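Enquirer: quick one: sequence plus predicted model below, questions after.
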Amino acid sequence: MAIPNEKLVWMYETMVKIRYYEETMEEVYMEGKTPAFNIGAGTVPGEMHLANGQEPAAVGICAHLTKEDTITSPHRPHHHAIAKEVDLNRMTAEMFGKETGLSKGKGGHMHLFDPDVKFSCSGIVAAGIPQAVGAALAAKKRGTDAVAVTFIGEGAANAGAFHESLNLAAVWNLPMIVVVEDNKYGISVEKSVATAVESNHLRASAYDIVGERVDDNDPIAMYEVSERAVERARKGEGPTIIEIETYRFLGHFQGDPELYRDEQEVPTLREKDPIVRLRNHLLMEDIAKEAELVEREETVKKLVDEAYQFARDSKLPEPAAALEDLFI
């Protein structure tokens, strides 16, 4: 089945939005952290994990989701959040630690939470998988056709939570999809020396569920594989594991010296930039005109700029706010 043109254009537009957001954060994050890098200093204190290059994993499946579907995300969450249409102003303010943030500035970039679109993330590796099982179970008990999608890195597929959750999801035949983003590295450790299987989609057979693989960071292939997975989940046909080979253009975190990577690795990956590839496809197949794409690019970049300005203009919380929203 051919992908609707409007979906392809949305995917491209959203990938551009994600990339521009992350590239802007690259610059903003370093404010106040030079000449000597201090992770606690600057406009955006704390760690920062950016997703430049990993956009296809997010847009390929989010193109099939609604506000009623749940997403749980890991410590590298911005591309998933943007593709799920988390409020961009409040998301950015949260990273700036401002009172207008999603959690009043108390969560930061690894703990974004937007119940309006059923999105959450966690800095704890593999922590979002059991939560997705819970969301999928709730959807099934309520008799809805909602699905739960959990994004993890390939390293998290070696965690106990992955196996326990998949077993339970399979036993209960839940509408859950695990998207494994294989960017080759668990921090600085290569997948090939830490994982016994070549691809984590092969592990699906252990739970008698469907597993599929997307090669070469291909957004169109990710759309097609995700379409099948979401359709199965909505029909009550159980969980799916999707592993996508994706590319991390930056380090594990901002400030990562990346001594574990060959110096030619990233330039080679950038030559296969998925945004450029999708743009060329849209033009070559006459799905969109150059002028239309330029207009869309300018529109989403304006939204990103406005979000960063909103965050800058917002107020920091009063000190007393630290005692609010607590469980006692």
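Expert: Structure received.

Enquirer: from the contact counts, what lies against the helix or strand encompassing residue 28?
Expert: Residue 28 belongs to helix 5-29 when assigned by DSSP states H and E. Helix 5-29 sits against helix 55-62, helix 78-83, helix 219-234, helix 274-284, helix 290-313, with contacts defined as 3 or more Cβ pairs under 8 Å, 6 or more residues apart in numbering; DSSP states H and E. Using the backbone N, CA and C atoms, a C-beta is placed for each residue, glycine as well.

Enquirer: buried set for it?
Expert: Neighbour counts over helix 5-29 (16 or more other Cβ atoms under 10 Å) mark 8-22, 24-25, 28-29 as buried.

Enquirer: next one: that helix to chain centre, how far?
Expert: 12 Å (Cα atoms, centre = their mean, to the nearest Å).

Enquirer: what angle separates that helix from helix 274-284?
Expert: 150 degrees (axes from the mean of the first three to the mean of the last three Cα atoms, to 10 degrees).

Enquirer: tell me where the stretch 101-250 of the chain has strands.
Expert: Here the stretch 101-250 of the chain has its strands, by DSSP state E, counting those that start in this stretch, at 113-114, 119-121, 148-153, 176-182, 185-186, 189-190, 210-214, 240-245.

Enquirer: residue contacts, the residue nearest the centre of the chain?
Expert: Most central in the chain under Cα atoms, centre = their mean is residue 80, positioned 2.9 Å from the mean C-alpha point. Applying Cβ atoms under 8 Å, 6 or more residues apart in numbering to residue 80 gives the contacts 58, 62, 71, 73, 119, 121, 151.

Enquirer: okay if I get those as JSON lines plus pLDDT, neighbour count and distance to residue 254?
Expert: As requested, these are arranged in JSON lines below (pLDDT from 0 to 100; neighbours: other Cβ atoms under 10 Å; distance: Cβ to Cβ, whole Å):
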{"residue": "58", "pLDDT": "98", "neighbour count": "32", "distance to residue 254": "19"}
{"residue": "62", "pLDDT": "98", "neighbour count": "24", "distance to residue 254": "24"}
{"residue": "71", "pLDDT": "98", "neighbour count": "30", "distance to residue 254": "23"}
{"residue": "73", "pLDDT": "98", "neighbour count": "26", "distance to residue 254": "18"}
{"residue": "119", "pLDDT": "98", "neighbour count": "25", "distance to residue 254": "22"}
{"residue": "121", "pLDDT": "98", "neighbour count": "27", "distance to residue 254": "17"}
{"residue": "151", "pLDDT": "98", "neighbour count": "28", "distance to residue 254": "20"}
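
Enquirer: so what's residue 147 up against?
Expert: Contacts of residue 147 (Cβ under 8 Å, 6+ apart): 65, 69-70, 136, 139, 175-177, 230, 233-234.

Enquirer: how many residues are close by the nearest residue in space to residue 167 that is not next to it in sequence?
Expert: Distances taken as Cβ to Cβ, 6 or more residues apart in numbering place residue 207 nearest to residue 167, at 5.9 Å, with adjacent residues excluded. Using other Cβ atoms under 10 Å, residue 207 has 19 neighbouring residues.

Enquirer: need the max-distance pair from the contacts of residue 80.
Expert: Using Cβ to Cβ, the pair of the contacts of residue 80 lying farthest apart is 62 and 121, separated by 14.1 Å.

Enquirer: pull the contacting residues for the residue nearest to residue 153 when sequence neighbours are not counted.
Expert: Leaving aside its sequence neighbours, residue 153 sits nearest to residue 181 (Cβ to Cβ, 6+ apart; 5.6 Å). By Cβ under 8 Å, 6+ apart, the contact list for residue 181 reads 54, 57, 76, 151-154, 244, 246.

Enquirer: tell me what residue 186 is bridged to.
Expert: residue 189 (DSSP bridges).

Enquirer: let me know the pLDDT of it.
Expert: Predicted confidence (pLDDT) for residue 186: 95.

Enquirer: with residue 1 instead?
Expert: 67.

Enquirer: before we move on, what about residue 38?
Expert: 89.

Enquirer: still on that earlier bit, can you put the strands of the stretch 101-250 of the chain in a markdown table and add distance to residue 256?
Expert: Formatted as a markdown table, the strands of the stretch 101-250 of the chain follow (distance: least, Cβ to Cβ, whole Å):
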| stretch | distance to residue 256 |
| --- | --- |
| strand 113-114 | 26 |
| strand 119-121 | 20 |
| strand 148-153 | 14 |
| strand 176-182 | 17 |
| strand 185-186 | 10 |
| strand 189-190 | 13 |
| strand 210-214 | 25 |
| strand 240-245 | 21 |
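
Enquirer: picking that back up, can you tell me how far the residue nearest to residue 167 is from residue 239?
Expert: 7 Å (Cβ to Cβ, to the nearest Å).
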